[in-house]
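A.B. asks: fold the stuff below for me.
(one chain, ligands or ions: 1)
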Amino acid sequence: RTLLDGELAGDQVLVVSNREPYIHIDTPAGIEVRRPASGLVTAVEAVMRACSGTWIAHGGGSADRQTVDRHDHVRVPPDNPSYTLRRVWLSKEEERGYYYGFANEGIWPLCHIAHVRPVFRTSDWDRYVEVNQRFAEAVISEARSDDPVVLVQDYHFALLPRMVREVLPRATIITFWHIPWPNSESFGICPWREQILDGLLGSTILGFHTPFHRKNFLDSVDRYLEARIETEASTISYGGALTQVENYPISIAWPESDDSDNLPVAEVRARVRNALALAPNCLLGIGVDRLDYTKGIIERFQAIERMLELSPGMVGKFTFVQIAAPSRSSLEEYQAFEVRVRALAQRINLRFGRPGYLPIVLKAAYHDQQQLQQFYRAADVCMVTSLHDGMNLVAKEFIAARNDESGVLILSQFTGASRELHEALLINPYHVEEGANALLRALTMPAIEQRERMRSMRSLVRNFNVYRWAGHMLRDAARLRQRERVMSKI
Ligand code: ADQ
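C.D. replies: Numbering: from 1, shown residues only. Modelled structure (predicted):
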């Protein structure tokens, strides 16, 4: 807020992301507004509310067209309009090639080590180039000056920074890559690796979650482009321009007041157990994810099964609720994954279930933030077992929800979050035994140890919240803009 009032006051901020922060849907009862299940939206929305800029995104809701004006603009959030959403319309074919195809069947598995093979089709790539161009044109048409601040979000827009730079050379383009960056050898299998690197280097600042992802990016540039890399300063000089490559670990908006909106944990515990028809003292585990093969949901269920096998005393006393929002479900890989998740939950339930007791409750549906809060607060343990994850915001949401300072976080060592949350029980999700032992340890952890761990993680997440994430990027942008102004006068 200070920056937006200070160094960047009056500067126009434009955000570009694939996903829109508000989706208007036609329902029998009228137009309904939904918030997507996306870490990116959760994080960037907080910034946009503060700076009242323009957010450019794909209009994918069935009623989206009915809500915009003739410039394709709509003011959001609906209950308290504070910034402009500019929608870009994509044809089914564009969406299939650019979004489902190149971004989600190509780049997503390329960047995540989850042993799913990337698929690279020339037709998808062509759509990806075209759609990047269309969004770049939207940025250019929204720009009120030749030097806006443009925040480009994620792997859907690797080419856009260069495209915008060519028309607006003085723009400050900050691109944030929300997913991991693979090592240079893995990255090298992409047939368009040079174009992707070239596109990203149109950015003034390029951000990753961790130093490790940043280093992988520098290595990839070193290997595939003619560029000069200053490792100490973390800059890349390429084609006569400089890109600053930094790590900015993303976070969440810490709840404004710890108590007022929330019922006491004891009451939430009772309500949630009651709603699930569980015994009042039943131990409860929670998992919250998009139904995505990178999230380690299968490995999580295997760890639960192994724990029940090793500790028969827990059968009937422990239930795990998996909340899984359907995601990218038109892709075969995701359909097959959902079938596997459902089948495994069913097998474990058949094996350990009793009349009136299920070890795993699978809720494959979107849940609003308030419902998620209730589960976070009612749980004894939260399991985040991603096979690979840029950061993982669920881990931080769980911590933020626990103002009672209890509850245990089990966290995969392959998440960006594990680099910060050292007091979680860190595990290798591929090792089922380790997951099972961590779960048992969590369920039997003395309250005092829970409190110590939770307190320390809460103090970290409270301090390094999403405003800090954005603040660091914008502060660096302000510094570079100032330098640019001075240099242009000399
Ligand atoms: P995601 O892969 O989407 O994000 P994550 O960071 O865990 O993963 O964020 C998911 C968000 O969606 C959370 O805010 C969560 O509450 C919400 N969500 C998940 N399941 C839901 C459900 N069933 N119903 C409603 N909401 C649900 C990508 C990267 C991450 C990175 C973020 C932000 O893959 O590594 O942390 O971007 O940069």
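A.B. asks: buried ones in stretch 454-464?
C.D. replies: Of all the residues in stretch 454-464, those buried under the rule 16 or more other C-beta atoms under 10 Å are 454, 457, 458, 460, 461, 464. Where C-beta positions appear, they are placed from N, C-alpha and C, glycine not excepted.
A.B. asks: those in helices, which ones?
C.D. replies: 454, 457, 458, 460, 461 (DSSP state H).
A.B. asks: make TSV out of these and add distance to the ligand and pLDDT.
C.D. replies: Converted to TSV, those look like this (distance: C-beta to the nearest ligand atom, whole Å; pLDDT from 0 to 100):
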residue	distance to the ligand	pLDDT
454	19	98
457	16	98
458	17	98
460	16	97
461	13	97
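A.B. asks: helices of the stretch 351-490 of the chain, start to end?
C.D. replies: Assigned by DSSP state H, counting those that start in this stretch, the helices in the stretch 351-490 of the chain fall at 369-378, 393-401, 432-443, 447-463, 466-489.
A.B. asks: quick check: mean pLDDT across the third one?
C.D. replies: For helix 432-443, the mean pLDDT works out to 98.
A.B. asks: may I see the buried residues of it?
C.D. replies: Using 16+ other C-beta under 10 Å as the test for burial, helix 432-443 gives 432, 434, 435, 436, 437, 438, 439, 440, 442, 443.
A.B. asks: widest-spaced pair of the residues you listed?
C.D. replies: For these, the maximum inter-member distance is 16.6 Å, found between 432 and 443 (C-beta to C-beta).
A.B. asks: before we move on, the earlier item: which one of the ones in helices among the buried residues of stretch 454-464 is nearest residue 70?
C.D. replies: Scanning these for proximity to residue 70, where the rule is C-beta to C-beta, the winner is residue 461, at 42.8 Å.
A.B. asks: confirm for me that that closest one is in contact with residue 254.
C.D. replies: Yes - Residue 461 is in contact with residue 254 according to C-beta atoms under 8 Å; the separation is 6.8 Å.
A.B. asks: residue 330: what secondary structure?
C.D. replies: Three-state call for residue 330 (DSSP: H, G, I helix; E, B strand; the rest coil): coil.
A.B. asks: out of the helices of the stretch 351-490 of the chain, which comes closest to residue 20?
C.D. replies: Of all these, helix 369-378 sits nearest to residue 20, with 17.0 Å by C-beta to C-beta.
A.B. asks: how far does that closest one sit from the chain's center?
C.D. replies: On the basis of C-alpha atoms, centre = their mean, to the nearest Å, helix 369-378 sits 18 Å off its chain's mean C-alpha point.
A.B. asks: show me what it is packed against.
C.D. replies: Under the contact criterion of 3 or more C-beta pairs under 8 Å, 6 or more residues apart in numbering; DSSP states H and E, helix 369-378 touches helix 265-275, strand 283-290, strand 318-325, helix 393-401.
A.B. asks: all strands for the stretch 151-300 of the chain, in order.
C.D. replies: Secondary structure of the stretch 151-300 of the chain, counting by DSSP state E, counting those that start in this stretch: strands at 172-176, 205-208, 228-230, 235-238, 241-247, 283-290.
A.B. asks: can you give me the offset of the second one from its chain's centre?
C.D. replies: To tie it back to what came earlier, the one meant is strand 205-208. With C-alpha atoms, centre = their mean, you get 15 Å for strand 205-208.
A.B. asks: now for the buried residues of stretch 454-464: which two are most distant?
C.D. replies: 454 and 464 (15.9 Å).
A.B. asks: circling back to that earlier point, show me which of the buried residues of stretch 454-464 is closest to residue 214.
C.D. replies: Nearest to residue 214 among those is residue 464, at 17.1 Å by C-beta to C-beta.
A.B. asks: list phi and psi for that closest one.
C.D. replies: phi -100, psi 70 (degrees, to the nearest 10).
A.B. asks: show me what contacts it?
C.D. replies: Residue 464 makes contacts with 249, 251, 420, as judged by C-beta atoms under 8 Å, 6 or more residues apart in numbering.
A.B. asks: so the first one versus the ligand, what's the distance?
C.D. replies: Going back to what we said before, that points to residue 249. 9 Å (C-beta to the nearest ligand atom, to the nearest Å).
A.B. asks: please apply the same query to the last one.
C.D. replies: Applying C-beta to the nearest ligand atom, one obtains 12 Å for the distance of residue 420 from the ligand.
A.B. asks: isn't that residue right next to residue 250, touching?
C.D. replies: No - applying C-beta under 8 Å, one finds residue 420 not in contact with residue 250, separated by 10.6 Å.
A.B. asks: quick one: the helices in the stretch 101-250 of the chain?
C.D. replies: According to DSSP H, counting those that start in this stretch, the helices that the stretch 101-250 of the chain contains are 108-111, 122-142, 160-167, 184-187, 193-200, 211-224.
A.B. asks: closest one to the ligand among the ones you listed?
C.D. replies: Set against the ligand and scored by C-beta to the nearest ligand atom, those come closest in helix 108-111, at 8.9 Å.
A.B. asks: could you measure residue 475 against the ligand, distance?
C.D. replies: 19 Å.
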